[in-house]
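Engineer: My questions are about this predicted structure, shown below with the sequence.
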Amino acid sequence: MNMYRQALDSLRPIVAAIVVTAGAFALFVAASGYPAVEALMLVGKGAFGSGFAWQNTLSRAAPIMFTALCVAVPARAGMVIIGGEGALALGGLAAAMVGVWWASRPVVMVLAGMALAAWVTGGLWIGISGWLRYRRGVNETISSLLLAYIGQAVFNFLVEGWLRDPASLNKPSTAPLDSRDMIGNIPGMEVHWGLAWGVLACLAAWWLLRHTVFGFAIDIVGGNPRAAKMTGLPVGRLMLAASVLGGGFAGLAGMFEVAAVQGCANADLMAGYGYQGILVSFAARHHPLGVIAGAILIGGLGASNSLLQRHLDLPDAAAQVLQGLLFVSLLAFETLNRRGGRHA
């Protein structure tokens with residue numbers, strides 16, 4: 001009974017946040033002069049109302065799973081990392097360069113090299129925040145956010161300069177990947193294999209954090225760093241490892257966007273998946289398995305945006321408003337739930 005009660009307690013703030021978000025969004029839409037009920041129905045229809053909608057949702061959910069893990073894994077060590085967008089961009093750029101330079105090699109080698117380059121690049125980039133926290137006591141939330149902006153600036157500098165393909169006239173891009181090195185779709189679906197790898201990444205992260213000594217140590221550090229130090233755990237190195245691991249996941253998101261969607265590195269990589277991953281991780285309470293459901297939900301909200309524009313002529317930012325309301329609601333109800341638990 002205690003297990004079921006804990007499950008219900010964990011779901012209560014999420015359900016409450018979704019209900020409040022729906023109501024707030026309806027009021028926002030109505031105040032803007034649009035039919036509120038129809039807007040809510042279109043959100044559901046655009047996200048999950050048909051096979052096409054589901055495939056669009058799942059395609060968007062794939063990179064969000066990776067960027068959410070960039071937040072969730074360090075969070076288990078007590079850190080709030082929000083710089084996944086920069087790691088995604090640089091990881092995608094590294095993957096694109098390996099794909100171009102190794103074009104003549106076997107496909108398996110090319111894809112493995114792209115994944116490794118993206119993983120290492122994303123891990124090292126987010127690892128800077130972990131190192132600054134570990135060695136200098138710098139707040140990782142601020143440093144990771146600033147690094148996200150720096151990473152995007154470095155990406156733009158390289159793609160528009162040294163690494164630009166001369167053939168990309170109106171849209172600066174790196175040289176395209178060979179068609180044989182592109183990742184295809186899951187059979188019977190218009191969804192690329194990045195979705196399957198995203199689910200596997202969430203399962204692997206759950207197993208690592210739940211069933212290994214490393215995961216147990218991370219939980220101790222996240223729960224009480226002072227007590228972890230007293231037990232002899234290398235707190236700083238564990239924080240650094242968690243941040244590098246999380247950054248590696250964000251880098252993989254960039255790799256799959258390059259190898260399965262864009263075919264090269266360009267500004268379309270920075271579509272906000274890193275920031276959406278923050279919302280998903282908090283909605284899932286930084287649980288890797290919860291990330292799967294959260295990514296599908298947020299992917300659905302993004303997928304519904306085109307339907308809102310076509311049928312109601314709502315601005316492009318409508319889906320972003322909806323996601324922002326959900327994020328604020330989740331934080332508010334999570335805080336209230338924790339306070340209620342302490343006073344109970």
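Structural biologist: Done, it's in. Numbers count the residues shown, from 1 in each chain.
Engineer: for the chain, what spans make up the strands?
Structural biologist: For the chain, applying DSSP state E gives no strands.
Engineer: for it, what are the low-confidence residue spans?
Structural biologist: Judged by pLDDT under 70, the chain has its weakly predicted residues at 1-11, 337-344.
Engineer: Skipping its backbone neighbours, what lies nearest the residue nearest in space to the middle of it in space?
Structural biologist: With distances taken as Cα atoms, centre = their mean, residue 67 lies nearest the centre of the chain, 2.3 Å away. Here the nearest residue to residue 67 in space, its sequence neighbours aside, is residue 277; by Cβ to Cβ, 6 or more residues apart in numbering that works out to 2.9 Å. Every C-beta, even on glycine, is put in place using the N, C-alpha and C of the backbone.
Engineer: residues in contact with that neighbour?
Structural biologist: Counting by Cβ atoms under 8 Å, 6 or more residues apart in numbering, residue 277 makes contact with 64, 66, 67, 68, 69, 70, 71, 84, 250, 253, 295.
Engineer: pretty sure residue 242 contacts residue 217?
Structural biologist: No. Applying Cβ atoms under 8 Å as the test, residue 242 and residue 217 come out as separate, 9.9 Å apart.
Engineer: between those two, who's got more neighbours?
Structural biologist: Between residue 242 and residue 217, counting by other Cβ atoms under 10 Å, residue 242 is the more crowded of the two (29 against 20).
Engineer: re earlier: and of the contacts of residue 277, the nearest to residue 335?
Structural biologist: residue 71 (17.7 Å; Cβ to Cβ).
Engineer: The closest one is in contact with residue 83, isn't it?
Structural biologist: No. Residue 71 is not in contact with residue 83 according to Cβ under 8 Å; the separation is 9.3 Å.
Engineer: out of those two, which sits in the busier spot?
Structural biologist: Using other Cβ under 10 Å as the criterion, residue 71 and residue 83 rank with residue 83 on top: 33 against 29.
Engineer: quick one: buried residues of stretch 57-75?
Structural biologist: For stretch 57-75, the neighbour count (16 or more other Cβ atoms under 10 Å) marks 57-75 as buried.
Engineer: list the contacts for residue 119?
Structural biologist: 91, 248, 251, 252, 255.
Engineer: repeat for residue 214
Structural biologist: Applying Cβ under 8 Å, 6+ apart to residue 214 gives the contacts 208, 238, 241.
Engineer: Distance to residue 184 and neighbour count added to these, as a markdown table?
Structural biologist: Below are those laid out as a markdown table (distance: Cβ to Cβ, whole Å; neighbours: other Cβ atoms under 10 Å):
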| residue | distance to residue 184 | neighbour count |
| --- | --- | --- |
| 208 | 28 | 15 |
| 238 | 38 | 22 |
| 241 | 34 | 21 |
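Engineer: Closest one to residue 307 out of those, please.
Structural biologist: Taking Cβ to Cβ as the measure, residue 307 sits nearest to residue 208 out of the contacts of residue 214, at 38.1 Å.
Engineer: Count the residues that sit near the closest residue to that closest one other than its chain neighbours.
Structural biologist: Take residue 208 and drop its neighbours on the chain: the residue closest to it by Cβ to Cβ, 6+ apart is residue 215, 5.4 Å away. The tally of other residues near residue 215 (other Cβ under 10 Å) stands at 18.
Engineer: Check the one 4 residues further on too.
Structural biologist: When neighbours are counted by other Cβ under 10 Å, residue 219 registers 16.
Engineer: Wait, it touches residue 73, no?
Structural biologist: No. The pair residue 219 / residue 73 is not scored as a contact, 11.5 Å apart, by Cβ under 8 Å.
Engineer: Mutual contacts of the two, please.
Structural biologist: residue 209.
Engineer: nearest spatial neighbour of residue 243, skipping sequence neighbours?
Structural biologist: residue 130 (2.9 Å).
Engineer: And for residue 92?
Structural biologist: Computed as Cβ to Cβ, 6+ apart, the closest residue to residue 92 that is not its neighbour in sequence is residue 254, at 2.7 Å.
Engineer: list the contacts for the one you found?
Structural biologist: Residues in contact with residue 254 (Cβ under 8 Å, 6+ apart) are 63, 87-95, 118, 122, 269.
Engineer: out of these, who's nearest residue 197?
Structural biologist: Residue 197 has its nearest neighbour among those in residue 63, at 10.6 Å by Cβ to Cβ.
Engineer: gap between the closest one and residue 295?
Structural biologist: Per Cβ to Cβ, to the nearest Å, residue 63 is found 9 Å from residue 295.
Engineer: just residue 150 next, same as before
Structural biologist: Counting by Cβ to Cβ, the gap from residue 150 to residue 295 is 26 Å.
Engineer: So which of the contacts of residue 254 sit within helices?
Structural biologist: Among those, DSSP state H puts 63, 87, 88, 89, 90, 91, 92, 93, 94, 95, 118, 122 in helices.
Engineer: could the residues you listed go into a markdown table alongside distance to residue 18?
Structural biologist: Shown next, in a markdown table, are those (distance: Cβ to Cβ, whole Å):
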| residue | distance to residue 18 |
| --- | --- |
| 63 | 22 |
| 87 | 29 |
| 88 | 26 |
| 89 | 30 |
| 90 | 34 |
| 91 | 31 |
| 92 | 31 |
| 93 | 36 |
| 94 | 37 |
| 95 | 35 |
| 118 | 33 |
| 122 | 31 |
